[in-house]
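**Q** Sequence and predicted structure, then a few things I'm wondering about:
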Amino acid sequence: MNEKGTVIFDLDGTLVDSAPDLANSLNVVLEEYGRSRISESEVRNMIGHGVGELVRAALSGDNNSPQEPLIETAIVRFRCLYSRNLSKHSTVYPNTASTLAILKQEGWRLVVCTNKIEGSARKVLREFQLLDFFEDVVGPDTYGVSKPNPEHLQKCVSDKWASLPTIMVGDSEVDCAAAKAAGFPMVLVDWGYNKGRLSELAPNFVLSDIREIHQILDKISSN
């Protein structure tokens, strides 16, 4: 089989719609801290920078500035709740598994790079029977960096694959910023948690159906 290169996928909002479970766990924490519940749509607009920033943003939503010890305690509580409910209401986006299977068969090396901690990301992928498609799963705790830091993506590419094309597939401004800084072509999906207009992020390609990734990869690898 010819080795074609590396496709780095974001997780939340790209492969899996995890907002329902994130929102449920977050609202439990908010209620425990005497804060108002927030809607799932509001949570979708907060996703992308990791659960620490998600909890921090939610606790600050009542125009309060909580003390750092309270925030850290809330983050620990959220992680505990969420780790037990990673895929209770979350769903895999349509045609994801079949597309990943074809890409792997064609010789693409598949990696997940996410701002969700590695253990949780692996558990989500395992529970949705997607883990075996990926050679590696990289979280912010894996190498001590997180998107939009370009090193988070760069560390996903081993020396063996460095001379072959590397493509980033994600849904947010965080993914775009990391890909551009790393010098990787950016494929932005239009079904995720992007907070702005797609055109403003200036990706190399926009994807409306994950099955279209084949044509995009053919264009990138032939250049």
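**A** Sure, I can see it.

**Q** Can you list the residue ranges for strands in the protein?
**A** 5-9, 16-17, 91-92, 108-113, 136-138, 166-170, 186-189, 205-207 (DSSP state E).

**Q** For C176, which of those strands is the nearest?
**A** Checking the strands of the chain against C176 by CB to CB gives strand 186-189 as the closest, at 5.3 Å. (Each C-beta comes from the backbone N, C-alpha and C, glycine too.)

**Q** got a list of what the closest residue to L26 other than its chain neighbours touches?
**A** Nearest residue to L26 in three dimensions, chain neighbours excluded: A58, at 5.5 Å (CB to CB, 6 or more residues apart in numbering). Applying CB atoms under 8 Å, 6 or more residues apart in numbering to A58 gives the contacts L26, V29, L30, R35, I38, V43, M46.

**Q** Quickly note the distance from A58 to R122.
**A** Distance, A58 to R122, using CB to CB, to the nearest Å: 25 Å.

**Q** Can you mark which positions in the helix or strand bottoming out on mean pLDDT in the chain are buried?
**A** The helix or strand of the chain with the lowest confidence, counting by mean pLDDT, DSSP states H and E, is helix 198-201 at a mean of 82. The neighbour-count check on helix 198-201 (16 or more other CB atoms under 10 Å) flags L201 as buried.

**Q** quick check, distance from it to the centre of its chain.
**A** Its chain's C-alpha centre and that of helix 198-201 lie 18 Å apart, by CA atoms, centre = their mean, to the nearest Å.

**Q** Now go through the contacts of A58 and say which are in helices.
**A** Applying DSSP state H to the contacts of A58, the entries found in helices are L26, V29, L30, V43.

**Q** neighbour-wise, which of these leads?
**A** Taking other CB atoms under 10 Å as the neighbour criterion, L26 ranks highest of these with 28 neighbours.

**Q** For E40, see how far away that one is.
**A** Relative to E40, L26 is positioned 10 Å away (CB to CB).

**Q** Look at M186 and say how many residues are nearby.
**A** Count around M186 with other CB under 10 Å applied: 21.

**Q** again, but for D171
**A** Neighbour tally, D171, other CB under 10 Å: 27.

**Q** need the contact list for it.
**A** Each residue near D171 by CB under 8 Å, 6+ apart is listed here: D10, G13, T14, L188, V189, W191, G192, Y193, N194.

**Q** Swap in 7 Å and give it another go.
**A** By CB atoms under 7 Å, 6 or more residues apart in numbering, D171 lies in contact with D10, G13, T14, L188, V189, G192, Y193, N194.

**Q** With S18 instead?
**A** Taking CB under 7 Å, 6+ apart, we find S18 in contact with D12, S90, V124.

**Q** can you rerun that using 8 Å?
**A** Here S18 is in contact with L11, D12, I47, L86, S90, V124 (CB under 8 Å, 6+ apart).

**Q** And these, which is the shakiest by pLDDT?
**A** Checking pLDDT across those, the minimum falls on I47 at 90.

**Q** Please tell me how far the spatially closest residue to that residue that is not a sequence neighbour sits from S18.
**A** Closest residue to I47 apart from its sequence neighbours, by CB to CB, 6+ apart: Y193 at 4.7 Å. Per CB to CB, Y193 is found 9 Å from S18.
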